[in-house]
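Enquirer: Fold the following, please.
(4 chains)
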Protein chains: 4
Amino acid sequence: MDAGQLQAYLVKEFPQAFGPGRAHEVVRVDAGGIGLKLEAGDEHLRPGATVSGPAMMGLADIAAYAAILAAIGPVPLAVTTNFSINFLRKPEPGAIIADASLLKLGQRLAVCEVGLRAPATGADPYAQAGEEALYAHAVTTYSIPPRAI
Amino acid sequence: MDAGQLQAYLVKEFPQAFGPGRAHEVVRVDAGGIGLKLEAGDEHLRPGATVSGPAMMGLADIAAYAAILAAIGPVPLAVTTNFSINFLRKPEPGAIIADASLLKLGQRLAVCEVGLRAPATGADPYAQAGEEALYAHAVTTYSIPPRAI
Amino acid sequence: MDAGQLQAYLVKEFPQAFGPGRAHEVVRVDAGGIGLKLEAGDEHLRPGATVSGPAMMGLADIAAYAAILAAIGPVPLAVTTNFSINFLRKPEPGAIIADASLLKLGQRLAVCEVGLRAPATGADPYAQAGEEALYAHAVTTYSIPPRAI
Amino acid sequence: MDAGQLQAYLVKEFPQAFGPGRAHEVVRVDAGGIGLKLEAGDEHLRPGATVSGPAMMGLADIAAYAAILAAIGPVPLAVTTNFSINFLRKPEPGAIIADASLLKLGQRLAVCEVGLRAPATGADPYAQAGEEALYAHAVTTYSIPPRAI
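Expert: Numbering: from 1, shown residues only, chains lettered A, B, ... in the order given. The predicted structure follows:
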């Protein structure tokens, strides 16, 4: 799926998170994986106007799912089996980008790495970035239904 | 802190989650740890009316924090550094109980184990239960500020 | 498998770890799971004569595998897919007990919890113990081949 | 520390693992982190002559420690607090390279990412490689003693 197809699919499947007026948006799909942006609203913030831990966990989880969708197309029955996250730095106020890439795409399990960071200030704020200043780093395993490859 | 003190503190610190009309509630504090109940609302559900993964992650994270509060009193600067969860079974519709107990309470780090399950059907639905049918199992590490012991 | 069968199977499959003169031994199999003992030798120690982190990781990994064997019989193709451990306290010199119990035994994945501790000083040093003074706590996921249930 | 200093320090601290005739060796230190090579011997293999899970866990753990040493110099009191690994592919027979890079180097905690892979076949078999075909991927947290920065 390309970025437009992925966004359209997520709007349909997660209307509370994606779509007009919603906080989440697909900002990148390429060979290296996908990027999601969270434009945090009040429900994602904690005192100090930084994004809460659970909001970052939710963003990382859905970014991993989006990376699987981008790679193999719609698999509505994929479920998270393991999710592990390290919180590295307190996020700055403002949007958060999640860069997700697949470490493994097997017959039954997909393992995905996700880095959370601020948008870059350069020409393409959503281009995949390095790990210099990650807010958080997650690794997640999805169980995926059998499929033809 | 006992259950009443813990609930009052959480209502003040997390008014969006605890308090009249809110989804989360302290249901147990004893020597073994604490119990929280999540009475899931629409924002915690996914299609099929079961509780979403991110809602379970948020519940487990706050249950771990509550277990630390119960053990050492208010430590507003405690922050999650690592969070790892295994999703074991699709939850039944209805409330979810989180049982949290401390594996370690050190000078700088606290490690907490959390089991998520349905309320029991017996005399005390919130008594700490075994691990027969956990929906999910999480282990979380909090960094805690230096303190007198 | 009972304790004798499990020990015999592990001696055959892991002769370098189990059997006469070897460091690992099955000490308990019951409804709650299994117990392994590691009688650490020089190769498991680090300066100070306490058991090294990698030796504890190896012990926890094989204890989880033994718990699966005890529950469903020999499954030589089971492989660890995810292993997560928190080191909680520096171990005392001497033997280490690993208590392993299954959190989930599904068609494709088994999730196991393992606590590492000193042998108890009471009547049965290998009875399953609580979590008062764990050296380390691990959660591990095994991928298991399809089977008849 | 550069590669020579790091190797010399590890030979002294872990003589059973590093040094003449030993299985582990520092093969890279640069701005991106460090690389270790494990030339597996019988004690690291399981049937089929592939490297065992515990041997890979030990390699990843020590690679993370080496990355911290390279960044801040000798800190003998650093201890692993959390270690999480996903096993992605069965390793090929032969040497394994561990590429370790720091995600965070804080006052009290260091978080390190480690990828395990085969040596590359190109000009520099030990240059840091991508994530195309990792055998395993680990994230580890070390508690480090206070220090001047």
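Enquirer: Residue numbers of chain A in contact with chain B?
Expert: A:16, A:43, A:53-54, A:57-58, A:61-62, A:79-87, A:90 (Cβ under 8 Å from any Cβ of the partner chain). In this view, the C-beta of every residue, glycine as well, is placed from N, C-alpha and C.
Enquirer: Now, these that are in strands?
Expert: A:79-87 (DSSP state E).
Enquirer: now, which of those sits nearest residue C:36?
Expert: Closest approach to residue C:36 among these (Cβ to Cβ): residue A:82, at 23.6 Å.
Enquirer: The closest one: how many residues sit nearby?
Expert: Residues lying near residue A:82 (other Cβ atoms under 10 Å in any protein chain shown) number 24.
Enquirer: State the distance from it to residue C:8.
Expert: As judged by Cβ to Cβ, to the nearest Å, residue A:82 and residue C:8 stand 32 Å apart.
Enquirer: Now residue A:88. Nearest residue, chain neighbours left out?
Expert: Using Cβ to Cβ, 6 or more residues apart in numbering or on different chains and skipping residues adjacent in sequence, the residue nearest residue A:88 is residue D:104, 4.3 Å away.
Enquirer: Give the helix, strand or coil label for the one you found.
Expert: At residue D:104, secondary structure determined by DSSP: H, G, I helix; E, B strand; the rest coil is strand.
Enquirer: That one and residue D:113 touch, don't they?
Expert: No - the pair residue D:104 / residue D:113 is not scored as a contact, 10.0 Å apart, by Cβ atoms under 8 Å.
Enquirer: Between those two, which is the more surrounded one?
Expert: Shown here are residue D:104 and residue D:113; by other Cβ under 10 Å, residue D:113 has more neighbours (25 against 19).
Enquirer: is it fair to say that one lies in a helix?
Expert: No - using three-state DSSP, the secondary structure at residue D:113 is strand, not a helix.
Enquirer: What strands flank the worst-scoring helix or strand of chain A on mean pLDDT, and is each parallel or antiparallel?
Expert: Least confident helix or strand, chain A: strand A:45-46 with a mean of 74, by mean pLDDT, DSSP states H and E. Applying DSSP bridges, strand A:45-46 is found paired with strand A:50-51 (antiparallel).
Enquirer: which of the ones in strands among the residues of chain A next to chain B are buried?
Expert: Buried members of these, scored by 16 or more other Cβ atoms under 10 Å in any protein chain shown, are A:80-87.
Enquirer: And these, which two are furthest apart?
Expert: A:81 and A:87 (21.4 Å).
Enquirer: For the residue nearest to residue A:88, which residues count as its bridge partners?
Expert: Legend: beta-bridge partners of residue D:104 under DSSP bridges are residue D:111.
Enquirer: Run through the residues that contact it.
Expert: A:86, A:88-89, A:134, D:110-111 (Cβ atoms under 8 Å, 6 or more residues apart in numbering or on different chains).
Enquirer: Relative to residue A:71, which of those residues is nearest.
Expert: Distance to residue A:71 across the contacts of residue D:104 (Cβ to Cβ) is lowest for residue A:134, with 22.4 Å.
Enquirer: Is that closest one in contact with residue D:103, as I believe?
Expert: Yes - Residue A:134 is in contact with residue D:103 according to Cβ under 8 Å; the separation is 6.1 Å.
Enquirer: what about the two, which has more around it?
Expert: Comparing residue A:134 with residue D:103 by neighbour count (other Cβ under 10 Å), the higher total belongs to residue A:134, at 24 against 21.
Enquirer: Please list all residues in contact with that one.
Expert: Contacts were defined as Cβ under 8 Å, 6+ apart; by that measure residue A:134 touches A:88-89, A:115-117, D:103-104.
Enquirer: swap the cut-off to 7 Å and go again
Expert: Residue A:134 makes contact with A:88, A:115-117, D:103 under the criterion Cβ atoms under 7 Å, 6 or more residues apart in numbering or on different chains.
Enquirer: Chain neighbours aside, what residue packs nearest to it?
Expert: Leaving aside its chain neighbours, residue A:134 sits nearest to residue A:115 (4.8 Å; criterion: Cβ to Cβ, 6+ apart).
Enquirer: Model confidence for the residue sitting nearest the centre point of chain A, exactly?
Expert: Centrality entry for chain A: nearest residue to the mean C-alpha point is residue A:63, 1.9 Å, by Cα atoms, centre = their mean. pLDDT, residue A:63: 97.
Enquirer: from what I can see it touches residue A:116, true?
Expert: No - using Cβ atoms under 7 Å, residue A:63 is not in contact with residue A:116, being 8.4 Å away.
Enquirer: overlap in contacts of these two?
Expert: The contact sets of residue A:63 and residue A:116 overlap at residue A:98 (Cβ under 7 Å, 6+ apart).
Enquirer: Those residues of chain A touching chain C, which are they?
Expert: Contacts of chain A with chain C, taken as Cβ under 7 Å from any Cβ of the partner chain, map to A:81-82, A:84, A:108-109, A:141.
Enquirer: Brilliant, that's me finished.
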